[in-house]
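[1] My questions are about this predicted structure, shown below with the sequence.
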Amino acid sequence: MIRGAHGHPGKVGHMRVSDTGPRCDRGHTGCVSAFVTIPAVEHNAGGLPFDEVLVHARRGEEIPLRAVNDAIRALGVVIGNLTCIADVDKIIVTGEGLPIAQFDEALLAASVSEALDPAAEPPLLELHPFKFADYAWAAAVSAIRLVLST
Ligand SMILES: [Zn+2]
């Protein structure tokens, strides 16, 4: 677990991962939120609901498949950059959008590797099944860490 100067890890939601691409809701071009969030995937897939995006992408339909693959590549860039900066040995990927990472784990691993410094070791990627209670666990852990650090 990484703890930053302000008691939490850094925020990567609007990290730039591409010079081109869609804009996020804050107007950034090519930031991770413009590719990886569920609303972004739905938008980039032509407005399909998230579950349908995955169905159409599995059928190989161009626009949904591009939206999913772009999301996977963007996630890989973020993971690769984090690994370069923090030298972590394991990244746990979870959340409501986990099916994106699960869609093509080989593409995710390749995207991570492409973003890594040649001297960096690739992290172990753990795709953790998401349960809504994970939000509560994460909040509880953060609160306990905050109390213990003061
Ligand atoms: Zn953004």
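    Ah, there it is.
[2] and residue 43, what does it touch?
    By CB atoms under 8 Å, 6 or more residues apart in numbering, the contact set of residue 43 is residue 22. Bear in mind the C-beta positions are built from the backbone N, C-alpha and C, glycine included.
[3] Please settle this for me: is it part of a helix?
    Yes - using DSSP: H, G, I helix; E, B strand; the rest coil, the assignment for residue 43 is a helix.
[4] Begin at 12, not 1, for the rest of this chat.
    Got it, first residue is 12 now, which makes that one residue 54.
[5] What parts of the chain come near the ion?
    Within reach of the ion by CB under 5 Å from the ion, the chain has these residues: 25, 35, 37, 39, 42, 44.
[6] Name the residues of the longest helix seen in the chain that are buried.
    In the chain, taking DSSP state H as the definition, the longest helix is helix 73-97. Within helix 73-97, the residues scored as buried using 16 or more other CB atoms under 10 Å are 75-76, 78-94.
[7] Give me the helices and strands touching it, please.
    In this structure, helix 73-97 packs against helix 44-47, helix 49-55, helix 61-69, strand 101-104, helix 109-114, helix 116-126, with contacts taken as 3 or more CB pairs under 8 Å, 6 or more residues apart in numbering; DSSP states H and E.
[8] Nothing else from me, thank you.
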